[in-house]
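1. here you go, sequence then predicted model.
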Amino acid sequence: MNKLIKFEFRKIFQQKSFYICMGVAVLLTLLNVVLMKNIASASEEIAFSTMSMTSKAISGSNFIMVMGIFIALYACDDYSNNTMKNIVSKGYKKEHIFLSKYIVSLVVSLVSALVMILLTYVLTISANTGTETFKDILPILIGQLFILIAYHALYFSAGMIIGKVGRSVAFNLVGPTLVVTVLTLITAILKIESLSISDYWIDSAFSNLVIGVSNDVIVKAIVMGIVYSIIFVVAGVLINKKKEA
């Protein structure tokens, strides 16, 4: 499997989609900083400081959306180019192919997220007017990264299962939000007033990770990130294993 991982790393950095998506992510980060600075200057109720912006670097700049598009393009690449059969014919097991692509795309996604966080920090370092320190937002960032891992597992598994770029991109853009809508509808139909089922979906956990949030919410996000990642990856491996190359 080490050969597959090395091969996937070489391949992912040769894809134009990687550089295009990274460029879009950087552009959205820049626009988000400029937009929030202008909004904050016109309203005293909105905070604009290094730590507040850094804590929203991946949750407030559409980074997850860009990641979803990139993962769909990468996961479906071998199916689109009809090269999956060639890889399988060389004796590699489907589960090893799946896991090697999963590991490589996960590493790239996490590194990209860290780059966006660092970029936001650098761009807003002159606006450090808040009382928070990096120590205050570190748990929030860790929670966000665990949820990002869950998003990645969902996007990647869906891409490998669907195998079609257009359908995978559409699913990654709409799927998670659609789940929230369905869960909210179920809660309303069942008239459950004590809790909202959608609170246990990754979208809600991600949006709840803001400055001032309690440690319980952060721990909940971390646990949800781990549990959902395991579910999505296991499901992806099992379903993809039965799929024709």
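-> Nice, thanks for sending it over.

2. distance of the residue most central in space within the chain from S112?
-> Taking CA atoms, centre = their mean, the centroid of the chain lies closest to L148, which sits 3.8 Å from it. Distance, L148 to S112, by CB to CB, to the nearest Å: 10 Å. Every residue, glycine included, has its C-beta placed from N, CA and C.

3. please apply the same query to T83.
-> Using CB to CB, one gets 24 Å for the distance from T83 to S112.

4. these two: which is more packed in?
-> Counted by other CB atoms under 10 Å, T83 and S112 do not tie: S112 has more neighbours, with 21 against 13.

5. which ones are touching that one?
-> M22, A25, F63, M67 (CB atoms under 8 Å, 6 or more residues apart in numbering).

6. contacts only, for the first one.
-> Just to be clear, that refers to M22. M22 neighbours (CB under 8 Å, 6+ apart): S112.

7. which pLDDT value belongs to the residue nearest to L148 when sequence neighbours are not counted?
-> Closest residue to L148 apart from its sequence neighbours, by CB to CB, 6 or more residues apart in numbering: A113 at 5.7 Å. For A113, the pLDDT comes out at 96.

8. how about A113, what does it touch?
-> Contacts for A113 (CB under 8 Å, 6+ apart) come out as A57, I58, F63, M67, L145, L148.

9. widest-spaced pair of these?
-> Farthest-apart pair in the contacts of A113 is A57 and M67; separation 12.9 Å (CB to CB).

10. so how far is the strand or helix carrying E95 off the chain centroid?
-> Assigned by DSSP states H and E, E95 belongs to helix 94-124. Centre-to-centre, helix 94-124 and its host chain are 9 Å apart (CA atoms, centre = their mean, to the nearest Å).

11. okay, now the unreliable bits of the protein?
-> Within the chain, the segments meeting pLDDT under 70 span 44-47, 127-130, 193-195, 244-245.

12. and the helices in it?
-> Taking DSSP state H as the criterion, the chain carries its helices at 2-12, 16-42, 50-54, 63-75, 77-80, 84-89, 94-124, 134-162, 165-190, 202-207, 215-242.

13. buried residues in the second one?
-> With burial defined by 16 or more other CB atoms under 10 Å, the residues of helix 16-42 counted as buried are 18, 21-22, 24-26, 28-29, 32-33, 36-37, 40.

14. G91: which of these is nearest?
-> F18 (27.7 Å).

15. what number of residues lie near the residue lying closest to V165 once chain neighbours are set aside?
-> Closest residue in space to V165, ignoring its immediate chain neighbours: C76 at 4.6 Å, by CB to CB, 6+ apart. Neighbour count for C76, taken as other CB under 10 Å: 22.

16. again, but for A75
-> 28.

17. what sits against the nearest residue to it once chain neighbours are set aside?
-> In space, and not counting its chain neighbours, A75 is closest to G159: 2.9 Å by CB to CB, 6+ apart. Residues near G159 by CB under 8 Å, 6+ apart: I71, A72, Y74, A75, C76, S168, N172.

18. ok, the closest residue to S229 other than its chain neighbours - contacts?
-> Counting by CB to CB, 6+ apart, A153 is the residue found nearest to S229 once chain neighbours are left out, at 4.3 Å. Shown in contact with A153 (CB under 8 Å, 6+ apart): Y102, L106, Y228, S229, F232, V233, G236.

19. redo these as CSV? Include distance to F206 and neighbour count.
-> Listed next are those as CSV, based on distance: CB to CB, whole Å; neighbours: other CB atoms under 10 Å:
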residue, distance to F206, neighbour count
Y102, 20, 23
L106, 17, 18
Y228, 11, 21
S229, 14, 23
F232, 15, 22
V233, 19, 21
G236, 20, 23
